[in-house]
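In: pasting the sequence and the predicted model now:
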Amino acid sequence: MSELPDNVIPLQQPLALIDGKPFRELPDDLYIPPDALEVFLETFEGPLDLLLYLIKHQNLDILDIPVLTITQQYIEYIELMQNLRMELAAEYLVMAAMLAEIKSRMLLPRQTIDEEEEGDPRSELIRRLQEYERFKKAAEGIDELPRLYRDNFRATAELVMDKVSKPLPDVELDAVLLAFQDVLKRAEKLKNHHIEREPLSVRERMSRILGKLNEGDGNFFAFHQFFTLEEGKAGAVVTFLALLELCKEGLLEIVQGEPLSEVWVKPIIEE
Amino acid sequence: MSDQVKNILEASLFAATEPLSIVELQNLFMLEDRPDKHRVRDCLLALQEEYEEKPIELIEVASGYRFQVKTKYASWVSRLWEEKPVKYGRALLETLAIIAYQQPATRGDIEEIRGVAVSTNTIRTLMERDWVRVVGHKEVPGRPALYATTVGFLDYFNLQTLADLPPLANLMDLDMREVGEIQLELGEQTPIENQHHEESSTARTSN
Amino acid sequence: MSDQVKNILEASLFAATEPLSIVELQNLFMLEDRPDKHRVRDCLLALQEEYEEKPIELIEVASGYRFQVKTKYASWVSRLWEEKPVKYGRALLETLAIIAYQQPATRGDIEEIRGVAVSTNTIRTLMERDWVRVVGHKEVPGRPALYATTVGFLDYFNLQTLADLPPLANLMDLDMREVGEIQLELGEQTPIENQHHEESSTARTSN
């Protein structure tokens, strides 16, 4: 085993299947498909899942785990993850420590008295593996249950009512604001959120402009048609900003025949 | 196979939330099994006959076919709605808030911010309520609809313009308790107790 | 009048957006015409028979009865919607399974079994779907929330009670050979008896 180059993982099982092809070796850094290993490792739902995989795929008996082999393989995976500088959940390291501990206890000469009290050092691990496996199966069972919107759909008939109208729930504005604040807090934690901070008056105008274009059957509109004289200079500025924003997002086109002439707004219509 | 086509049509008409046109019904089938218009029409006629004696009927309206409750049962059935309306869920309020602040927004925009999928039902409810409407389509693959709030939304929440909503930046820095205060500044319309109500009802559920 | 009751029930079940319980069905009628439970049940049975050959069925779920499209038509009917049904990830399903079988369970209980931290997002999605709710708090430091499944969960998965869940695999059934003590200690757990589980989960946490 010491003969193997560093980038070869001595496992019988392929590391991953990529496009259906088994992936047995950790390729040179240059050739690592950046997402492949990550995807592979992400398919594990934690250290117990990874251990179960190692045991099951080598047809080992869960009740008589060869701790030495498993520990070694487990640690290889952990090192692999670390080499890739993947964010490694602390639980994986805790498990590695636990395995190492079991291994060392198994290597110690057995003392009959201790045996009585402590039992097999592996028993706690086995219990947890079995417990996890039960729920892993249960989850698969739940996933297979027929469910609404995938296997079944509600069968409904329309009720045409004259007078009776279905009462609608009331909503308070603060409930909406609180909900939004919650979203913002969550979004802050996510990296790729796109929260734009245009003033709301511009956003509102953007909607109004789009709505008008949408109902205009593809007609052009003149710039001044999007605001009223009463709105004054502020109205023109807001409208102008809204148009620029929409243009930037590719939602409309702005055309002008010649300098200083009327500015026309043209909806983008798919051919 | 003969009954299969009819069964599929029947199942789909019951599952659909809007009337289905003959073309839409044809499109349920893969190209190679697709029944022609006559075939579909024959099945629909057969279904109409089958339901003649039943309390529901298959009728044709402008945009297609749908099952509906026969008028003479409406008075009983309408009692289903006599009780209190259901409360809107968190998902709906969040979706509404995102559309209000980020309009015009596509479903994808909303999902990106919320981090979870937005159900068609949520959007539909908002549109039925006339709080949200489609103002256009984004010119990217799939041409997703762009949603914006309506005048109805402003009216319902007693706002004159969207600018009456607290600016995003303020909202981001706030801590939950302060939202009540904005409420006070903003609008007369909402008694503060409501917020308390919500809090206490959450607490109650969790006991 | 005999068929009238059945027709009203049938029409209402089709018009309702949620399953209807027997009591709700009774309440469709004015006091003086109100059928008793047996009568309602007989009508429902008759309806179930009537629809046996049809592409839709009347089924009983936790909160009542509903008409739904039979599973075998799902592949056609699902074409009515552009988006594919959401696939739930393993983290979500495993968390749901633990809550379903071990309820009430704390986040710690779930983490103990899965061996990894449970993301807030997972719990939030489950609660937003109305599959899981907080039913109380465990009286230990930090007072962690106790989660349990909802009626909505049962309805969604076509179940009447928790006992309809596929039985939790007995440890004996997981392909393993005998190993005296361990086997004995754990072999007694029964599928969904809450009492047992509560005890054992408490015991586990205190280890």
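Out: Arrived safely, thanks for sending. Numbers count the residues shown, from 1 in each chain, chains lettered A, B, ... in the order given.

In: so who does the nearest residue in space to residue B:56 that is not next to it in sequence touch?
Out: Nearest non-adjacent residue to residue B:56, counting by Cβ to Cβ, 6 or more residues apart in numbering or on different chains: residue A:157, 4.5 Å away. Quick note: C-beta positions are derived from backbone N, CA and C, even for glycine. Residue A:157 sits next to B:14, B:56, B:66, B:67, B:68, B:69, C:11, C:14, C:15 when contact means Cβ atoms under 8 Å, 6 or more residues apart in numbering or on different chains.

In: what is the mean pLDDT for the strand or helix carrying residue B:11?
Out: Assessed by DSSP states H and E, residue B:11 sits inside helix B:2-15. In this model, helix B:2-15 has a mean pLDDT of 92.

In: now do the helix or strand following it: distance to the chain's middle.
Out: Using DSSP H and E, the helix or strand that follows helix B:2-15 in sequence is helix B:22-26. Remark: helix B:22-26 is offset 23 Å from the chain centroid, using Cα atoms, centre = their mean, to the nearest Å.

In: and the helices in the chain?
Out: Answering for chain A, as no chain was given. Ranges of helices in chain A, per DSSP state H, are A:36-42, A:47-56, A:67-83, A:90-107, A:112-118, A:123-144, A:173-189, A:200-215, A:232-248.

In: correction: the question concerned chain B.
Out: So, for chain B - with DSSP H - the helices run B:2-15, B:22-26, B:37-50, B:74-77, B:90-102, B:107-114, B:120-128, B:151-156, B:168-173, B:179-186, B:193-205.

In: which stretches of the stretch 51-200 of chain A have low pLDDT?
Out: Applying pLDDT under 70 to the stretch 51-200 of chain A flags residues A:84-89, A:110-118, A:161-167, A:188-198.

In: one more: chain B?
Out: B:1-2, B:83-86, B:172-207.

In: and the one residue sitting closest to the centre of it, how close does it get to residue A:156?
Out: Most central in chain B under Cα atoms, centre = their mean is residue B:124, positioned 1.7 Å from the mean C-alpha point. Distance of residue B:124 to residue A:156, computed by Cβ to Cβ, to the nearest Å: 14 Å.

In: show me whatever sits in contact with both of the two.
Out: With Cβ under 8 Å, 6+ apart, residue B:124 and residue A:156 have common neighbours residue B:17.

In: show me which residues of chain B are close to chain C?
Out: B:7-8, B:10-12, B:14-16, B:20, B:24, B:27-29, B:54-56, B:67, B:69-70, B:73, B:76-77, B:79-80, B:89-91, B:115-117, B:120, B:205-207 (Cβ under 8 Å from any Cβ of the partner chain).

In: which of the residues you listed are buried? Put it as a ChimeraX command.
Out: In ChimeraX, this line selects whichever of the residues of chain B next to chain C come out buried by 16 or more other Cβ atoms under 10 Å in any protein chain shown:
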select /B:7,8,10,11,12,14,15,16,20,24,28,29,54,55,56,67,69,70,73,76,77,79,80,89,90,91,115,116
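
In: ok, and the closest non-adjacent residue to residue A:128?
Out: Per Cβ to Cβ, 6+ apart, closest to residue A:128 is residue A:48, 6.3 Å.

In: how about the residue nearest to residue B:56, phi and psi?
Out: phi -120, psi 150 (degrees, to the nearest 10).

In: now it: how far from residue C:58?
Out: Counting by Cβ to Cβ, the gap from residue A:157 to residue C:58 is 13 Å.

In: same deal with residue B:140?
Out: Distance from residue B:140 to residue C:58, by Cβ to Cβ: 43 Å.

In: more crowded one of the two?
Out: Set side by side, residue B:140 and residue C:58 show more neighbours around residue C:58, with 23 against 10, by other Cβ atoms under 10 Å in any protein chain shown.

In: tabulate the CA atom coordinates of stretch A:211-218 in CSV.
Out: Provided in CSV are the C-alpha atoms of stretch A:211-218 (Å, rounded to 0.1, in the frame of the first residue of the first chain):
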residue,chain,number,x,y,z
GLY,A,211,-48.1,46.9,-17.1
LYS,A,212,-48.9,49.6,-19.5
LEU,A,213,-46.6,48.2,-22.2
ASN,A,214,-48.0,44.8,-21.6
GLU,A,215,-51.6,45.9,-22.2
GLY,A,216,-50.5,48.1,-25.2
ASP,A,217,-50.5,45.3,-27.7
GLY,A,218,-46.9,46.0,-28.7
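
In: buried ones in it, by neighbour count?
Out: A:211, A:212, A:213, A:214.

In: I'd assumed residue B:146 was in contact with the first one.
Out: No. With the criterion set as Cβ atoms under 8 Å, residue A:211 and residue B:146 do not qualify as a contacting pair; they are 9.4 Å apart.

In: overlap in contacts, the two.
Out: B:135, B:136.

In: re earlier: out of the helices of chain A, which comes closest to residue B:35?
Out: The closest of the helices of chain A to residue B:35 is helix A:123-144. By Cβ to Cβ, the value is 32.0 Å.

In: check which helices and strands that closest one sits against.
Out: The contact analysis (3 or more Cβ pairs under 8 Å, 6 or more residues apart in numbering or on different chains; DSSP states H and E) places helix A:123-144 against helix A:47-56, helix A:90-107, helix C:90-102, helix C:107-114, helix C:180-186.

In: show me the domain layout of chain B.
Out: B:2-79+B:191-205, B:90-179 (automatic domain parsing).

In: from chain C, how far out is residue A:261?
Out: 43 Å (Cβ to the nearest Cβ, to the nearest Å).

In: how many residues are close by that residue?
Out: 8.

In: dihedrals phi and psi, it?
Out: The phi/psi pair for residue A:261 (degrees, to the nearest 10) is phi -90, psi -180.

In: contacting residues around it?
Out: Residue A:261 neighbours (Cβ under 8 Å, 6+ apart): none.

In: pLDDT value on it, please?
Out: The predicted local confidence for residue A:261 is 76.

In: mind listing residues that contact stretch B:7-16?
Out: Looking at what lies outside stretch B:7-16 - Cβ under 8 Å, 6+ apart - the contacts are A:153-157, B:20, B:25, B:28-29, B:40, B:43-44, B:47, B:58, B:65-67, C:14, C:54-56, C:67, C:69-70, C:73, C:76-77, C:80.

In: ok, which of the helices and strands packed on helix A:123-144 comes nearest residue C:131?
Out: It's helix C:90-102; of the helices and strands packed on helix A:123-144, that one is closest to residue C:131 (Cβ to Cβ) at 6.4 Å.

In: output the contacting helices and strands for the closest one.
Out: Right, helix C:90-102 is packed against helix A:123-144, helix C:107-114, helix C:120-128, strand C:145-149, helix C:194-206 by 3+ Cβ pairs under 8 Å, 6+ apart.
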